[in-house]
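[1] Any chance you could fold what I've pasted below:
(one chain, ligands or ions: 1)
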Amino acid sequence: MSDESSYIPPKVWTWNKDAVSKFSNINRPVSGPTHDKTLPVGDHPLQLHSLATPNGVKVTVMLEELLALGKTDAEYDAYTINIGDGSQFGSDFVAINPNSKIPALLDRSATPPVRIFESGAILIYLAEKYDAFYPKDPAQRAECLSWLMWQMGSAPYLGGGFGHFYAYAPERLEYPIDRFAMEVKRQLDVLDQNLATRQYLCGDDYTIADIANYAWYGALVLHNIYDASEFLEVDSYKNVVRWATEIEARPAVQRGKRVNRPWGPEETRVIERHSASDFD
Ligand SMILES: N[C@@H](CCC(=O)N[C@@H](CS)C(=O)NCC(=O)O)C(=O)O
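    Below you'll find the predicted structure:
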């Protein structure tokens, strides 16, 4: 760090509004709304405002799984929030999620309506409300929550750490790429060792822990996110690949991945979802 060319932080950090990066137009050092924006409201009690990134996909997969299980009152309206144009800073959205990130859910079946933000909290809320994909036995539930929280704590190193410095930063720097590649490979090994003796993360049953982890680590091992499959040798995590492939084959997962996705082949996009017929 003594290299004279390296960055020397000033005494007090200041916001360089002209800094150019892939996300410079959406990042700010303050929170709160930037503009007034009324969100649309559909007919169903559950109103989801999201985007088909891994964090968003967790919730749409869960809702489609609940519907596939016959929980007809889990019908939902899903609206796309375009985080590239700053829609997460609209006033109505910020009222649901003060952290201005997708996914955000409003349950209007309660009075007053219940707002839920953070994808892990949304999964637990839905699992409890519909009594599904969540073990009843306390020891099994503890295992499920452990793997769910593991995902919530680990994926920022994958996305915000590795993905950012490998795929999005204006310059490829060895230090952060090396640090986060090591961490992501360690995480893949944690999953791989656990899945060596179990069909699903917590044992024999598919739970919200699988849904959450599949959205990130399934995408990493099956879909070459950040164009890093070869670099990270993802195929060597055989148990993770087996588990992710199995989950991905579920029809509800296939549907959930299409909701709020304004990219990919036109005929597969379901930018707004209001009923099962939107997938036709
Ligand atoms: N811990 C949050 C993370 C949510 C998150 O980072 N969402 C991203 C998209 S994957 C987002 O909305 N980014 C917009 C922004 O940072 O302004 C969760 O799991 O819900």
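
[2] element containing the residue in the stretch 151-280 of the chain that the ligand sits nearest to?
    The ligand sits closest to Met152 of the stretch 151-280 of the chain, with a gap of 6.1 Å, by Cβ to the nearest ligand atom. C-beta here means a position set from N, CA and C on the backbone, and glycine is covered the same way. If you go by DSSP states H and E, Met152 is part of helix 138-156.

[3] Measure how far the direction of the helix or strand just after that helix deviates from that of helix 138-156, in degrees.
    Going down the chain from helix 138-156, the next helix or strand is helix 174-195, by DSSP H and E. Using axes from the mean of the first three to the mean of the last three Cα atoms, to 10 degrees, the direction of helix 174-195 lies 160 degrees away from that of helix 138-156.

[4] so what does helix 174-195 touch, helix or strand wise?
    When contacts are defined as 3 or more Cβ pairs under 8 Å, 6 or more residues apart in numbering; DSSP states H and E, helix 174-195 sits against helix 138-156, helix 219-222, helix 229-232, helix 238-248.

[5] Deepest-packed of the ones you listed, please.
    Stretch with highest mean neighbour count among the helices and strands packed on helix 174-195: helix 219-222 (a mean of 22; mean count of other Cβ atoms under 10 Å).

[6] picking that back up, please name the nearest non-neighbouring residue to the residue of the stretch 151-280 of the chain closest to the ligand.
    Among residues not flanking Met152 along the chain, Gly120 sits closest, at 4.5 Å (Cβ to Cβ, 6 or more residues apart in numbering).

[7] May I ask you to confirm that that neighbour is in contact with Trp147?
    No. Between Gly120 and Trp147 there is no contact, the gap being 10.8 Å when judged by Cβ atoms under 8 Å.

[8] Quickly list what's touching both of the two.
    In terms of Cβ atoms under 8 Å, 6 or more residues apart in numbering, Gly120 and Trp147 are both contacted by the residues Ala212.

[9] Could you give the average pLDDT over the helix holding Met152?
    When pLDDT is averaged along helix 138-156, the result is 98.

[10] Tell me the helices and strands packed up against that helix.
    Checked by 3+ Cβ pairs under 8 Å, 6+ apart, helix 138-156 has helix 119-130, helix 174-195, helix 208-213 packed alongside it.

[11] quick one: contacts of the shortest one?
    What that stands for is helix 208-213. 58, 61-62, 65, 119-120, 123-124, 126-127, 133-134, 143-148, 150-152, 191, 200-202, 243, 247.

[12] Same check on stretch 183-198?
    Under Cβ under 8 Å, 6+ apart, the answer for stretch 183-198 is 147, 150, 154, 157-158, 161-162, 201, 204, 213, 217, 220-221, 232-234, 237-240, 242-243.

[13] What residues does this protein have near the ligand?
    Contacts of the chain with the ligand, taken as Cβ under 6 Å from any ligand atom, map to Ile26, Thr53, Asn55, Ile83, Gln88, Ser100, Lys101, Ile102, Pro103, Glu118, Ser119.

[14] which residue sits closest to the fifth one in space, ignoring its chain neighbours?
    Of all residues beyond its chain neighbours, the one nearest Gln88 is Ser100 (4.4 Å), with distances taken as Cβ to Cβ, 6+ apart.

[15] I'd say the one you found and Ser31 touch.
    Yes. With contacts counted by Cβ under 8 Å, Ser100 reaches Ser31, the gap being 6.6 Å.

[16] Between those two, which has more neighbouring residues?
    Taking neighbours as other Cβ atoms under 10 Å, Ser100 and Ser31 compare with Ser100 leading, 23 against 10.

[17] List phi and psi for the more buried one.
    phi 50, psi 50 (degrees, to the nearest 10).

[18] residues in contact with it?
    Ser31, Gln88, Phe89, Phe93, Val94.

[19] If anything else comes up later, I'll come back, but that's it for now.
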